[in-house]
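Visitor: Give me coordinates for this.
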Amino acid sequence: MKEEIVFPEPDSVLTEKPSLKKYLRYLLFFGPGAIIASATIGQGQLILGPQIGAWAGFRLLWIITLSFGSYFIAYIAARFTLISGINVADVFARIKKGIINWIFIAIILIFLPLFAATIITTLGYSVQWIIGYGNHLAWGLYFSLVAVFLVIVERYRVIEYTQAFFVAVLAIGAIISVALIQPDVLKMIPHFFTIGDVPSYPSWVPDSVKSKPVPLIILGYLGTLTVSIIMLVGYSGWVKVKKWGIFKDKENTEKFSHMLHERFRKTGKVDYLPSSKEEIKKAHLLTKPALIDLMISFIIVAVVSAAYMVAGYYLLGEQHKIPTDINLIKEQAVIFSNIAKWLEPLYKISIFFALFGTIYAGFEGVSRMLHETMRPLIKKIDETPYKQFSLYVLIYLIIIGTPIAISGVSVILMLSITLLFIGVIGVIIYGIGVIYVSQKVLPPQYRLGKLHMAFSVISLIFLSIPLFLLL
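Guide: Numbering: from 1, shown residues only. Down below sits the predicted model:
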């Protein structure tokens, strides 16, 4: 008889009776979600959100609602890892010669250099504006290399805490600015549910913006709001760092995960989980930190996204201004200066850290994702130390991404196309795969229940709706 794994005891707060104190302590679980929120706010709200709000007003707020689907898929994937101790990508590698992993690898290698080019350009322009001199590409490349260094030396917690603070600054600033505007909330709320309402460009919008089809912009913006495939795989790695779930109290989480993967690889089954009701209950409680973390992240992203879209409408759209590639960040400073002129320097600092957090989170996430998806397929990758592998991946992104940035291709076009694949299509494929392996690989008592399955199906439908608009 194979030895069963005993689940660790959940944090005491998870077993306490409902109370305000208990729910306030839940906020302490907010960790990896801060990186997801930072990356989302950095690439979406500071680049696309105010522009879309400027010309569409409230009418595209329903995109925020659709993005919830990706957060639930992220939870289902994390749940699988927190219960089984193995990554979903390891299981994907056993399906049809790893075809799902190969699809993800192709998407990353083709489209991530575009993402790198986008952030290098935007971060560079931001630093150039903040400091007042220098070449934007030189600044963007310099700070990209700093991000590479931090990824290699694994300064995860430094970024997590820094990003949590500056995401809060950007969130609070946008919310206060919108509160001062006093928008018509009753008119705004219904648009979170008018799914499928697609406005046309107003006549005053410049041709450079009109040249991009509205459905493509919708898909691109949804891609900025979702937990992309990079973050989905990266998150499963970060929960190990946090020592949540089955990893709680384990000294070496990677070693423990590798041991469980070897057991799974030999039998093709997760046959080491305990079957007693007490252990099953513990397992379900141990997945709660990830659910709480992701829900806090979604709430932050949803509120900030709405605030930046609404601010874009009132502070830019009503003046027939629309931020474009070069002046994306500079034009949007009006969101903070609307509160008080002296807050603009704080906006500049926060913009820098948000964008820097985006490139760090992107580099960290893509390194983990490629490692997790390639390791089960290629023996040489499995034998390569993670730090060494990360360095190779990041060099590839910088070498390919820099010439694209130099070429001067539209930031918004690059971002929209990239996020269509890594933030929508890839997430749908990942979601289908996660649901399949959860029901196929886990023992019956650990599989998704009816409520989980219902939310999973709704999540996939949400993410698929904009694809039909493009058709």
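Visitor: For the protein, give me the ranges with low pLDDT.
Guide: 1-3, 42-47, 154-164, 166-167, 323-342, 411-412 (pLDDT under 70).
Visitor: if you count residues, which helix in it comes out on top?
Guide: The longest helix of the chain (DSSP state H) is helix 99-131.
Visitor: roughly how far out does that helix sit from the chain middle?
Guide: 14 Å (C-alpha atoms, centre = their mean, to the nearest Å).
Visitor: I'd like the next helix or strand past it.
Guide: helix 136-152 (DSSP states H and E).
Visitor: in that next one, what's buried?
Guide: Under the neighbour-count criterion of 16 or more other C-beta atoms under 10 Å, helix 136-152 has 136-137, 139-144, 147-148, 150-152 buried. The C-beta positions use only the backbone N, C-alpha and C, and glycine is treated the same way.
Visitor: next one: stretch 291-308
Guide: Those would be 291-298, 300-308, for stretch 291-308 by 16+ other C-beta under 10 Å.
Visitor: Can you tell me what sits against it?
Guide: For stretch 291-308, contacts defined as C-beta atoms under 8 Å, 6 or more residues apart in numbering pick out 26-27, 29-34, 36-37, 40-41, 44-46, 49-50, 53, 61, 64, 67-68, 71, 74-75, 78-79, 167, 170-171, 174-175, 177-178, 188, 192, 225, 227, 332, 335.
Visitor: how about the helices in the stretch 251-400 of the chain?
Guide: Along the stretch 251-400 of the chain, counting by DSSP state H, counting those that start in this stretch, helices occupy 253-267, 277-286, 288-315, 328-331, 334-337, 344-374, 379-383, 386-407.
Visitor: Looking at those helices, spot the one closest to residue 101.
Guide: helix 344-374 (4.3 Å; C-beta to C-beta).
Visitor: Could you tell me the angle between that closest one and helix 136-152?
Guide: 50 degrees (axes from the mean of the first three to the mean of the last three C-alpha atoms, to 10 degrees).
Visitor: Now do the buried residues in helix 344-374.
Guide: 346-348, 350-374.
Visitor: Any idea which of the helices of the stretch 251-400 of the chain gets closest to residue 469?
Guide: helix 288-315 (18.1 Å).
Visitor: quick one: contacts for residue 71?
Guide: With C-beta under 8 Å, 6+ apart, residue 71 has these contacts: 227, 294-295, 297-298.
Visitor: Nearest spatial neighbour of it, chain-adjacent residues omitted?
Guide: In space, residue 71 comes closest to residue 298 once its chain neighbours are excluded; the distance is 4.4 Å by C-beta to C-beta, 6 or more residues apart in numbering.
Visitor: gap between that neighbour and residue 107?
Guide: Look at residue 298 and residue 107: by C-beta to C-beta, to the nearest Å, they are 23 Å apart.
Visitor: Over to residue 418?
Guide: Counting by C-beta to C-beta, the gap from residue 418 to residue 107 is 9 Å.
Visitor: okay, these two: which has more neighbours?
Guide: residue 418 (25 against 19; other C-beta atoms under 10 Å).
Visitor: Determine the angle, from 0 to 180 degrees, between the helix or strand hosting that one and helix 99-131.
Guide: For residue 418, the element it lies in under DSSP H and E is helix 411-420. Here the directions of helix 411-420 and helix 99-131 differ by 150 degrees (the same axes, to 10 degrees).
Visitor: right, and the helix or strand after helix 411-420?
Guide: helix 426-441.
Visitor: list the helices and strands the next helix or strand after that next one packs on?
Guide: From helix 426-441 onward toward the C-terminus, using DSSP H and E, the following helix or strand is helix 450-470. Counting contacts by 3 or more C-beta pairs under 8 Å, 6 or more residues apart in numbering; DSSP states H and E, helix 450-470 is packed against helix 62-84, helix 214-225, helix 426-441.
Visitor: okay if I get these as CSV plus distance to residue 384?
Guide: As requested, the helices and strands packed on helix 450-470 are exported to CSV (distance: least, C-beta to C-beta, whole Å):
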stretch, distance to residue 384
helix 62-84, 22
helix 214-225, 30
helix 426-441, 24
